[in-house]
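**Student:** Need the 3D shape of this:
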Amino acid sequence: MIAETAMYLSLMLSQNKYLAETAKLIERLDKDGYKEIVELVKDPQFRLFDPNPLRKKYNKIDLTNPKEHRYMRNESTQDSINFMEKRKEWLDEAEKLFPGIKREYITAVLNVESLFGKNKGDCPILNAVMSNYVFTERKDLFYEYTTEFLKFVREKGITDVFALKGSFTGASTPAQLMPTSLRKYSYDLDGDGFEPDGIEDAIGSCANMLWKKGGRKDIMKALRAYNGEKYARAVDMHAQKVRQKLASPLARKPPVVRKIPQKV
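**Tutor:** From the prediction side, this is the model:
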């Protein structure tokens, strides 16, 4: 069976030096009980790619520089305020369920991560985690991400595995959770079953992760656990800008109501 799968892969991979590594990964997954992987890699939607150029490009970006990232700009602050108004009911619920996790931080994470789901990525998660395993040295980490993703799919009864899409590293949902976090912290906030693309569930999942990572006592610690030091500073800066704008006299000023003269 593995030899047959390798033949399929040889047609897909332009860099054949990675063929042996890919076959080894499939064999390991199959041996560890993830029998479905053999059929999944035969699917036409399965594709491997080299994520290293994308990673290098991302690592060069200054997350706190307004010229390089939209969420440091004033219009992005207003996007977050608009989101908080529109999703007030669910942010109220999240603050109630996860005390100490403030809505401006939940909002900032969802804005920075994916612009509230609009920029969550279009790479199938299985392709992303397996590609990172094959093309990088972080084998143990991405093997765990691969197995956690396959467990998540099983537990949720998801049949179209490739419909679950996200970033080139394997982060998915508007909260951009890696597969381990997806299984551990995904939260059905609206009570109708967890929906990977649902913004209400993204609010709940984000709040759940921040709360369990210690955010009720130290929000920066929780943000660093989410995605590192630079990321934590960027989210904190955005949340502070949202808070400041909401506290300004202009934000509190009621809209002007113009009276229409009555005809005599």
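
**Student:** Show me the strands in the stretch 1-150 of the chain, by range?
**Tutor:** Assigned by DSSP state E, counting those that start in this stretch, the strands in the stretch 1-150 of the chain fall at 123-124.

**Student:** in it, which spans are helices?
**Tutor:** Using DSSP state H, counting those that start in this stretch, the helices of the stretch 1-150 of the chain run over residues 2-12, 19-31, 37-40, 52-59, 74-86, 88-97, 103-114, 125-135, 139-156.

**Student:** buried sites along the third one?
**Tutor:** Buried residues in helix 37-40, counting neighbours by 16 or more other C-beta atoms under 10 Å, are found at Ile37, Val38, Leu40. C-betas here are computed from N, CA, C, even on glycine.

**Student:** Kindly report the same for the last one.
**Tutor:** For helix 139-156, a neighbour-count test (16+ other C-beta under 10 Å) marks Phe142, Tyr143, Glu144, Tyr145, Thr146, Thr147, Glu148, Phe149, Leu150, Phe152, Val153, Lys156 as buried.

**Student:** list the contacts for Thr136?
**Tutor:** Residues near Thr136 by C-beta atoms under 8 Å, 6 or more residues apart in numbering: Pro51, Asn52, Phe142.

**Student:** Wait, Asn208 touches Phe98, no?
**Tutor:** Yes: counting by C-beta atoms under 8 Å, Asn208 does reach Phe98; the two are 6.3 Å apart.

**Student:** residues shared between the contacts of those two?
**Tutor:** Between them, Asn208 and Phe98 share no contacting residue, judged by C-beta under 8 Å, 6+ apart.

**Student:** Does Gly166 touch Gly117 like I think?
**Tutor:** No: if you go by C-beta under 8 Å, Gly166 and Gly117 don't touch, sitting 10.7 Å apart.

**Student:** where do the contact lists of the two overlap?
**Tutor:** Common contacts of Gly166 and Gly117 (C-beta under 8 Å, 6+ apart): Thr173.

**Student:** picking up where we left off before, going by distance to Asp92, which of the contacts of Thr136 wins?
**Tutor:** When the contacts of Thr136 are compared for distance to Asp92 (C-beta to C-beta), Phe142 wins out at 37.6 Å.

**Student:** Can you read off the pLDDT for the closest one?
**Tutor:** Phe142 carries a pLDDT score of 97 in this model.

**Student:** Same check on Tyr58?
**Tutor:** pLDDT for Tyr58: 81.

**Student:** Pro66 too?
**Tutor:** Pro66 is given a pLDDT of 64.

**Student:** Walking through the stretch 151-264 of the chain, point out its strands one by one.
**Tutor:** Using DSSP E, counting those that start in this stretch, strands in the stretch 151-264 of the chain cover 165-166.

**Student:** Do a quick rundown of the helices in it.
**Tutor:** Under DSSP H, counting those that start in this stretch, the stretch 151-264 of the chain gives helices at 179-185, 199-212, 219-227, 229-247, 249-252.

**Student:** buried stuff in the fourth one?
**Tutor:** Just to be clear, that refers to helix 229-247. Going by 16+ other C-beta under 10 Å, helix 229-247 has these buried residues: Tyr231, Ala232, Ala234, Val235, Asp236, Met237, His238, Ala239, Lys241, Val242, Arg243.

**Student:** got it, and stretch 86-106?
**Tutor:** Result for stretch 86-106 [16+ other C-beta under 10 Å]: buried residues 87, 90-91, 93-95, 98, 101-106.

**Student:** Give me the distance between the two termini of it.
**Tutor:** Using C-alpha to C-alpha, to the nearest Å, the end-to-end distance of stretch 86-106 comes to 14 Å.

**Student:** same thing with stretch 42-62?
**Tutor:** End residues of stretch 42-62 are separated by 39 Å (C-alpha to C-alpha).

**Student:** Okay, buried residues for it please.
**Tutor:** Buried residues in stretch 42-62 (16+ other C-beta under 10 Å): Phe46, Arg47, Leu48, Phe49, Asp50, Pro51.
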